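Asks: Sequence and computational prediction follow.
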There are 2 protein chains.
Amino acid sequence: MRIGELARRTGVSIRSLRYYEEQNLLAPQRRPSGYREYEEGDVLVVRRIRTLIAAGLTTELIAQVLHCFRGDAETPEPTCAEMVTELATARESMAAKIEDLRSSQSLLDMIIDAAPKEADEVAV
Amino acid sequence: MRIGELARRTGVSIRSLRYYEEQNLLAPQRRPSGYREYEEGDVLVVRRIRTLIAAGLTTELIAQVLHCFRGDAETPEPTCAEMVTELATARESMAAKIEDLRSSQSLLDMIIDAAPKEADEVAV
DNA sequence: CTAAAGTCTGACGCCGATGTGAGAGTCAAG
DNA sequence: CTTGACTCTCACATCGGCGTCAGACTTTAG
């Protein structure tokens, strides 16, 4: 199928699909005209990509781990031990971000609570 | 004091101090030479700015609410009711971000857990 | 054959706070 | 006076995942 159909079927913009290719997440065939030609399996691949992006992974990291999910292979590739390591690392940094946000939020709460009464001596 | 000293005393880079001025968060005097001349109170102001940035506020929003904390005024300015509204809005969006990150994290957890056994049918 | 719809590459814009570097003027100590 | 440290003002670069426009070509329906 061509890029427009893939976009429709996955709900992902054409621009994004081209971007994923640029990031080596997709590698569609090319027609003589230059048009990209995707296969059925790419629908699933794109969904996986979206899932991983939604999980906060960068396309760079996804490029490294995507092959572990690829194709009809029943068992993950041997490099998938590395994958788990990578993902765990990503998870760690996400946890850190959440912690940052939490403390930021409580800080903001303190400011909000303090404001109405005495706003001149806020948490410094 | 000049910018270098303020940078040292606050732990904020010179670049950032100039940026804060550009964003109307600071308004140092100028020497005939063009050198910025800060006063003691600016040390505290910079710390407040850093606190608010750490709390996830943009410099634009900080510019709107910073005067509520300013100077020796015991009571906040009348516009500080608006301030609380703004801050509350900021807090909302922060809460939303935290929620996003949480769901992303659990999604990542699912992927990690699923990987070692059957990585070909991950949450799509 | 023609027009409309689809696709191509390339490239700039965005957001926000900050790093970095160039080229030039300023200040303080010897 | 000289040197070295400090500061000044532009202004471009960064990060990430896209949006969007321009100009040119391809495909498809009528």
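Replies: Yep, that arrived.
Asks: by contact count, what packs against the least confident helix or strand in chain A by mean pLDDT?
Replies: Lowest mean confidence among the helices and strands of chain A (mean pLDDT, DSSP states H and E): helix A:80-114, at a mean of 83. Packing contacts for helix A:80-114, counted by 3 or more C-beta pairs under 8 Å, 6 or more residues apart in numbering or on different chains; DSSP states H and E, involve helix A:59-65, helix B:41-54, helix B:80-114. Every C-beta, even on glycine, is put in place using the N, C-alpha and C of the backbone.
Asks: which of the residues in the first one are buried?
Replies: It refers to helix A:59-65. Applying a neighbour-count criterion of 16 or more other C-beta atoms under 10 Å in any protein chain shown, the buried positions in helix A:59-65 are A:T59, A:L61, A:I62, A:Q64, A:V65.
Asks: any idea how far DNA strand D is from A:L6?
Replies: 14 Å (C-beta to the nearest atom of the strand, to the nearest Å).
Asks: Count the neighbours of that residue for me.
Replies: Around A:L6 there are 23 other residues, counting by other C-beta atoms under 10 Å in any protein chain shown.
Asks: Now do the residue nearest to the spatial centre of chain A, the pLDDT please.
Replies: The centroid of chain A falls nearest to A:I53 when counting by C-alpha atoms, centre = their mean (1.2 Å). As predicted, A:I53 sits at a pLDDT of 91.
Asks: same deal with the one 10 residues further on?
Replies: Residue-level confidence at A:A63 comes out at 91, pLDDT.
Asks: Please name the residues that touch it.
Replies: Residues in contact with A:A63 (C-beta atoms under 8 Å, 6 or more residues apart in numbering or on different chains) are A:Q23, A:N24, A:L25.
Asks: same check, this time on A:Q23
Replies: Contact partners of A:Q23, counting by C-beta under 8 Å, 6+ apart, are A:T59, A:E60, A:I62, A:A63.
Asks: Same check on A:E22?
Replies: Contacts of A:E22 (C-beta under 8 Å, 6+ apart): none.
Asks: what residues does chain A put near DNA strand D?
Replies: A:13, A:15-16, A:19, A:23, A:31-35, A:53, A:57-60 (C-beta under 7 Å from any atom of the strand).
Asks: just those now: which is nearest A:D42?
Replies: A:S16 (13.1 Å; C-beta to C-beta).
Asks: between the helix or strand hosting the closest one and helix A:40-54, how many degrees?
Replies: Following DSSP states H and E, one finds A:S16 within helix A:14-22. Using axes from the mean of the first three to the mean of the last three C-alpha atoms, to 10 degrees, the inter-axis angle of helix A:14-22 relative to helix A:40-54 is 90 degrees.
Asks: do helix A:14-22 and DNA strand C meet?
Replies: Yes: Helix A:14-22 is in contact with DNA strand C by C-beta under 7 Å from any atom of the strand, via A:I14, A:R15, A:R18.
Asks: Just the residues contacting the next helix or strand along the chain from that helix, thanks.
Replies: Note on helix A:14-22: by DSSP H and E, the next helix or strand toward the C-terminus is strand A:29-30. When contacts are defined by C-beta under 8 Å, 6+ apart, strand A:29-30 is touched by residues A:R36, A:E37, A:Y38, A:E39.
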